[in-house]
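Visitor: Coordinates only, no sequence provided:
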């Protein structure tokens with residue numbers, strides 16, 4: 001299982017120099033399992049993933065399963081700029097998510113409707129398939145993806161990917177303090193090799209100003225990894241106002257409680273498998 005981070009920022013893109021070591025694009029994580037492509041969220045990092053796939057596949061068709069945690073802007077902004085959707089008719093993309101108010105397909109298409117975008121999805125040549133999910137367990141050829149609800153305004157799904165190589169959990173946009181959702185995220189993370197978790201706020205920031213905003217902090221992330229038996233914690237969804245130095249300090253503080261912690265950065269790759277885990281990381 002190969003994991004690559006294309007966008008790690010929360011809320012809004014932050015292309016400032018002081019954020020560039022960790023990156024300014026919003027949420028997008030690619031996972032490869034025996035050649036199959038899975039994508040978790042379609043923030044602005046999704047655009048660069050699309051450029052890489054065009055280069056890599058050239059004339060070959062591209063297929064991918066795309067899991068969207070929820071429909072706040074920072075998790076869908078990359079869709080209109082994802083080049084493989086506009087190209088060959090033999091490209092296939094399978095979108096999985098839940099939107100109870102509008103339905104999945106409508107929720108995705110509406111962000112490109114007048115007056116928000118100059119063209120609509122009819123300009124896209126690739127096949128697009130939409131699967132409305134809830135708390136499900138979906139079997140693929142080489143992986144099982146389990147989803148559970150997290151605590152976030154308008155709802156958010158967390159995902160657990162189980163493969164022969166190991167277990168990855170992607171659980172962003174979750175606020176601690178609700179007994180049902182606290183249990184859900186710990187169940188998702190149980191025994192995982194990698195836990196990618198929302199650490200948008202500092203603990204003091206959260207307590208003073210951000211209760212009810214739907215996000216977590218590094219101290220809760222450490223609690224989850226220690227209570228669930230997950231092996232490694234990757235802090236994710238960095239706040240727009242947290243520059244590289246601030247994220248460095250968060251990692252240092254978290255490692256005082258649990259040593260296997262790093263912060264997600266754009267371009268970071270993690271390999272999980274039968275061989276010794278290795279990773280490349282431009283920060284943290």
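Guide: Thanks, I have it. Nothing here was measured: the structure is a model prediction, and the numbers come from that model.
Visitor: make it CA atoms for all contacts and neighbour counts henceforth
Guide: Noted.
Visitor: which regions of this structure sit below the pLDDT cut-off?
Guide: Within the chain, the segments meeting pLDDT under 70 span 274-284.
Visitor: Return the set of buried residues in stretch 195-205.
Guide: 195-202 (16 or more other CA atoms under 10 Å).
Visitor: Can you redo those as CSV, where the extra columns are distance to residue 66 and secondary structure?
Guide: As requested, the buried residues of stretch 195-205 are exported to CSV (distance: CA to CA, whole Å; DSSP: H, G, I helix; E, B strand; the rest coil):
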residue, distance to residue 66, secondary structure
195, 19, strand
196, 17, strand
197, 18, strand
198, 19, strand
199, 23, coil
200, 23, coil
201, 27, strand
202, 30, coil
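Visitor: name the element residue 188 belongs to?
Guide: Using DSSP states H and E, residue 188 maps to helix 179-189.
Visitor: which other helices and strands contact that helix?
Guide: Secondary-structure packing of helix 179-189 (3 or more CA pairs under 8 Å, 6 or more residues apart in numbering; DSSP states H and E): strand 144-150, strand 156-162, strand 167-171, helix 218-228.
Visitor: and those, which is most packed in?
Guide: Ranked by mean neighbour count under mean count of other CA atoms under 10 Å, the helices and strands packed on helix 179-189 are led by strand 167-171, which reaches a mean of 26.
Visitor: Tell me which strands that one pairs with, and in which orientation.
Guide: strand 156-162 (antiparallel), strand 194-198 (parallel) (DSSP bridges).
Visitor: how far is the shortest one from where the chain is centred?
Guide: In other words, strand 194-198. Here the centre of strand 194-198 is set off from its chain's centre by 9 Å, with CA atoms, centre = their mean, to the nearest Å.
Visitor: related to what we said a few turns ago, put together a markdown table for the helices and strands packed on helix 179-189, with distance to residue 128 on each row.
Guide: As requested, the helices and strands packed on helix 179-189 are exported to a markdown table (distance: least, CA to CA, whole Å):
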| stretch | distance to residue 128 |
| --- | --- |
| strand 144-150 | 20 |
| strand 156-162 | 21 |
| strand 167-171 | 23 |
| helix 218-228 | 35 |
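Visitor: among those, which is nearest residue 212?
Guide: strand 144-150 (13.2 Å; CA to CA).
Visitor: what sits up against that closest one?
Guide: The set of residues external to strand 144-150 that reach it, using CA atoms under 8 Å, 6 or more residues apart in numbering, is 134-139, 155-163, 171, 173-175, 181-182, 184-185, 188.
Visitor: what lines up beside it in the sheet?
Guide: For strand 144-150, pairing defined by DSSP bridges yields strand 137-139 (antiparallel), strand 156-162 (antiparallel).
Visitor: the inter-axis angle of that strand versus helix 179-189?
Guide: 160 degrees (axes from the mean of the first three to the mean of the last three CA atoms, to 10 degrees).
Visitor: what's near enough to touch residue 61?
Guide: 88, 90-92.
Visitor: Could you rerun that using 7 Å?
Guide: 90-91 (CA atoms under 7 Å, 6 or more residues apart in numbering).
Visitor: Specify the local secondary structure of it.
Guide: At residue 61 the chain is in coil, as set by DSSP: H, G, I helix; E, B strand; the rest coil.
Visitor: how much space between it and residue 88?
Guide: 7 Å (CA to CA, to the nearest Å).
Visitor: returning to that earlier point: looking at the buried residues of stretch 195-205, which two lie furthest apart in space?
Guide: 195 and 202 (18.7 Å).
Visitor: and the nearest residue to residue 31 once chain neighbours are set aside, what helix or strand is that in?
Guide: Sequence neighbours aside, residue 3 is the residue nearest to residue 31 in space, at 4.5 Å (criterion: CA to CA, 6 or more residues apart in numbering). According to DSSP H and E, residue 3 maps onto strand 2-7.
Visitor: Okay then, goodbye and thanks.
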